[in-house]
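Undergrad: got a predicted model here, sequence first, then my questions.
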Amino acid sequence: MWWVKFVICVVVDLLDFFVGRHVFHVPLAGELAGTAVTVALFGPGGFAYAVETLDTTEQIDGYLPMASLIALAHRRDPVASQSFFHPAIVARLPRISL
């Protein structure tokens, strides 16, 4: 399961590198999207992706593969490897009953 999360993080970093400032016309929207993805996958540890918001010029943050680094940091985390979404996030999702 960790490998799937790692591949998603690599794709997020590649998108940030190649099309990050061209796709999102709202400043910092790419960082907010990346933070949302990493928090959903790794829980509160994913907020480290928000470090990319410090670069307001959108020039340097593409060279920092933050999502991949977060995935590598959680490689041995048993909670992160049990399910696709972090349990802390799943517990907060609304229950839908039909």
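TA: In hand now; what should we look at? Numbering: from 1, shown residues only.

Undergrad: tell me the secondary structure at residue 57.
TA: Classification of residue 57 using DSSP: H, G, I helix; E, B strand; the rest coil returns coil.

Undergrad: who's in contact with it?
TA: By C-beta atoms under 8 Å, 6 or more residues apart in numbering, no residues touch residue 57. Glycine gets a C-beta too; all of them are placed from N, C-alpha and C.

Undergrad: show me the shaky parts of this protein.
TA: Within the chain, the stretches with pLDDT under 70 are 24-25, 79-98.

Undergrad: helices of this structure, residue ranges please.
TA: 2-23, 29-42, 66-73, 78-82, 87-92 (DSSP state H).

Undergrad: list the buried residues of the third one.
TA: Going by neighbour count (16 or more other C-beta atoms under 10 Å), the buried part of helix 66-73 is 66-71.

Undergrad: now swap in the first one and tell me
TA: Residues of helix 2-23 classed as buried under the neighbour-count rule (16+ other C-beta under 10 Å) are 2, 5-6, 8-9, 12-13, 15-16, 20-21.

Undergrad: got a markdown table for the residues you listed, with distance to residue 75 too?
TA: Formatted as a markdown table, the buried residues of helix 2-23 follow (distance: C-beta to C-beta, whole Å):
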| residue | distance to residue 75 |
| --- | --- |
| 2 | 6 |
| 5 | 9 |
| 6 | 8 |
| 8 | 14 |
| 9 | 11 |
| 12 | 16 |
| 13 | 16 |
| 15 | 22 |
| 16 | 21 |
| 20 | 25 |
| 21 | 29 |
